[in-house]
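Student: Fold the following, please.
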Amino acid sequence: MSTVAAPRAPRRDLALLWHQIRYEQLSFWRNPQSAFFTFLFPVVVIAIFGALFGDVGSSEYFYGRSAMQYYVSTIAAVSVLGACYSQLAIVLSTRRQNGLLKRARATPLPTYMYFLGLLAHCIVVSVVDVLLIIFVGRLYGVRFPAAAQWPVIAVTVVLGAASFCALGVAVASLIRNAEAAPSVVQLVLFPLVFVSGTYMPIHSEVLTMVTGALPVQPFNEALLGAFTAQSGVPWRSFAVLLAWGVLGAVVAIRRFRWDPRPE
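Tutor: Numbers count the residues shown, from 1 in each chain. Next up is the predicted model:
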C-alpha cells in the first residue's frame, strides 16, 4: 500500500498549494479598488519622477546612471515592499481579528502550505508591479534590461519578496489588532525607505554603512545593478536579504498567533 500512496503525496501537495494560491488571487481581485491602487500607485510615482527628472542624464549624483535609471529600480523595489511587507502584515492582522486565520488553522491545510500560498501570491503581484514600472520607464527613455540580466532580476525579485514576506509575517505577529496594523507597518517602513535612498540617493558614508546592513538598500542596489547591467551577481545584497528573511521567519515561527489577542 505504501508504494501506491507515496506518488500521490507530491501531487496532493501541489494541488493544495495551487488551491491556496488561487484562493489568495481570488481574494485579492475581489477587492478591485485595493488591487487597482496596488498597481496604480507605483506607476503614478514613476510617472511623476519621469515628469520631474526625465531629462536628467547620467551623473555622479545617481552613481553614474541617469535619474530615471535610478528611479525605475528604486520604485520597483518599493513596489515589492508594498506588495510583500506592508500588504501582508495588514492582511494577516485583519484576518486574525476577523477569525479567518483561526478557521484556516482548523482546516486540513498544512501551515507551511498556507504561507507558501501567500508567498507565491505576493511574488505574482510583485512581478506584475516590476514589469509595469519597467514599461513605464521605457516611455521615459530607460532601456529594457539586457537579456543576460533577467535571471539576476528574477532571483533578486523572488529573494526580496520572500525576505519581505517573512518580515511582514513577523511584524504581523507583533501587531495587537487590525486597526493598529497600518500605523505599525508605516512606522517601520516609511523612515527606512527614505534613509535607504529610495527617493533620493544617499551619499553619507556613515548612513550608507548603517542602511547597507538593513534590507531595503541592498534590495535597491541589487535591482539597480541588474537593471543597468553595471554589476555582476550582487552576492552581498543577496546575503543581507537572506539573513533578514531568516530572521523574519524565526520571529514569525516563534511569535505568530492564529487567534485574536484578548483586549
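
Student: List the residues that contact residue 128.
Tutor: Contacts of residue 128 were listed using Cβ atoms under 8 Å, 6 or more residues apart in numbering, and they are residue 39. The C-beta positions use only the backbone N, C-alpha and C, and glycine is treated the same way.

Student: Helix, strand, or coil at it?
Tutor: Here residue 128 takes the helix state, with states given by DSSP: H, G, I helix; E, B strand; the rest coil.

Student: what's the neighbour count on the closest residue to residue 34 other than its chain neighbours?
Tutor: Closest residue in space to residue 34, ignoring its immediate chain neighbours: residue 28 at 7.6 Å, by Cβ to Cβ, 6 or more residues apart in numbering. Here the neighbour count serves as a burial measure; for residue 28 (other Cβ atoms under 10 Å) it reads 19.

Student: Can you name the residues that contact residue 28?
Tutor: Contact partners of residue 28, counting by Cβ under 8 Å, 6+ apart, are 34-35, 121, 125.

Student: Pull up the gap between it and residue 44, please.
Tutor: 20 Å (Cβ to Cβ, to the nearest Å).

Student: same deal with residue 149?
Tutor: With the distance defined as Cβ to Cβ, residue 149 ends up 26 Å from residue 44.

Student: Of these two, give the one with the bigger neighbour count.
Tutor: Neighbour count, other Cβ under 10 Å: between residue 149 and residue 44, residue 149 has more, with 18 against 12.

Student: quick one on the thing from earlier: now the buried members of the contacts of residue 28.
Tutor: A residue is treated as buried here by neighbour count (16 or more other Cβ atoms under 10 Å); on that basis the buried members of the contacts of residue 28 are 121, 125.

Student: I'd say residue 134 and residue 145 touch.
Tutor: Yes. Using Cβ atoms under 8 Å, residue 134 is in contact with residue 145, at 7.4 Å.

Student: Need the overlap of contacts for these two.
Tutor: Taking Cβ under 8 Å, 6+ apart as the contact rule, the neighbours common to residue 134 and residue 145 are residue 227.

Student: roughly how far is stretch 76-95 from the heart of the chain?
Tutor: The chain centroid and the centroid of stretch 76-95 are separated by 7 Å, computed with Cα atoms, centre = their mean, to the nearest Å.

Student: Can I get whatever helix or strand residue 187 lives in as CSV, trimmed to CA atoms?
Tutor: With elements delineated by DSSP states H and E, residue 187 resides in helix 181-195, which encompasses its position. Provided in CSV are the C-alpha atoms of helix 181-195 (Å, rounded to 0.1, in the frame of the first residue of the first chain):
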residue,chain,number,x,y,z
ALA,A,181,-1.6,47.5,11.6
PRO,A,182,-1.2,50.4,9.1
SER,A,183,0.4,52.6,11.7
VAL,A,184,2.9,50.0,12.8
VAL,A,185,3.8,49.0,9.3
GLN,A,186,4.4,52.6,8.2
LEU,A,187,6.3,53.4,11.3
VAL,A,188,8.9,50.8,10.3
LEU,A,189,8.8,51.2,6.6
PHE,A,190,8.5,55.0,6.0
PRO,A,191,11.8,56.1,7.5
LEU,A,192,13.6,53.1,6.3
VAL,A,193,12.6,53.7,2.7
PHE,A,194,13.9,57.3,2.9
VAL,A,195,17.2,56.6,4.5
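
Student: What helices and strands are in contact with that helix?
Tutor: Packed against helix 181-195 by the contact rule (3 or more Cβ pairs under 8 Å, 6 or more residues apart in numbering; DSSP states H and E) you find helix 67-81, helix 87-98, helix 150-174, helix 205-211.
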